[in-house]
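>>> after the sequence you'll find the predicted model.
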Amino acid sequence: MHFQDKDLRREVKFTYSRSGGKGGQHVNKTNSKVNLKFNILNSSLLSEAEKVLLINHFGSSLLEGEIIQFDVEEERSQYLNKKIAIERLKSLLYRGIRVKKKRIPTKKSKSVIEKRLKLKKIVSEKKKNRNWTRD
């Protein structure tokens, strides 16, 4: 599934507050910190199966069992922090929806097993043939 920024913005709720960090007096006067909330169950972008996958993937880290929430205060600009928040949300959604492939264990070939055993015999013989005696 491909998420468009404008579609996500319609379903996301932003709140703003004062940020700490770099920026001097500027951060004391502007609301540049962005708090993003995305309700998985109320989303029209996601299918029912995707909603179940996301809730199972994020589990106890969801707010009220259905809301993804995080803060972004990396930049001094509210606009840039908003942009970063949308990108981070897209990344989280893709990661949560992706179904992991089941690993199929591989079997070692006969030649590899024989080679390993042959090498072990050679090393064993070499150690047996070492003759260290004290006079």
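Happy to help now that I have it. Numbering: from 1, shown residues only.
>>> pick out the residue closest to the middle of the protein.
Arg95 (6.0 Å; Cα atoms, centre = their mean).
>>> hang on, isn't it packed against His57?
Yes - using Cβ atoms under 8 Å, Arg95 is in contact with His57, at 7.5 Å. All C-beta atoms are positioned from the backbone trio N, CA, C, and that covers glycine.
>>> circling back: ok, the residue nearest to the centre of the chain - contacts?
With contacts defined as Cβ atoms under 8 Å, 6 or more residues apart in numbering, Arg95 is in contact with His57.
>>> what about it, which helix or strand?
helix 78-97 (DSSP states H and E).
>>> elements contacting the following helix or strand past that helix?
Using DSSP H and E, the helix or strand that follows helix 78-97 in sequence is helix 110-128. The helices and strands touching helix 110-128, judged by 3 or more Cβ pairs under 8 Å, 6 or more residues apart in numbering; DSSP states H and E, number zero.
>>> CA atoms of helix 110-128 as CSV?
Output of helix 110-128 as CSV, limited to C-alpha atoms (Å, rounded to 0.1, in the frame of the first residue of the first chain):
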residue,chain,number,x,y,z
LYS,A,110,26.5,-33.9,1.3
SER,A,111,29.8,-32.6,-0.2
VAL,A,112,30.0,-29.8,2.4
ILE,A,113,29.5,-32.3,5.2
GLU,A,114,32.1,-34.7,3.8
LYS,A,115,34.6,-31.9,3.3
ARG,A,116,34.1,-30.8,7.0
LEU,A,117,34.6,-34.4,8.2
LYS,A,118,37.6,-34.9,6.0
LEU,A,119,39.2,-31.7,7.3
LYS,A,120,38.5,-32.8,10.9
LYS,A,121,40.3,-36.1,10.3
ILE,A,122,43.3,-34.4,8.8
VAL,A,123,43.6,-32.0,11.8
SER,A,124,43.1,-35.0,14.2
GLU,A,125,45.9,-37.0,12.5
LYS,A,126,48.2,-34.0,12.6
LYS,A,127,47.7,-33.6,16.4
LYS,A,128,48.2,-37.3,17.0
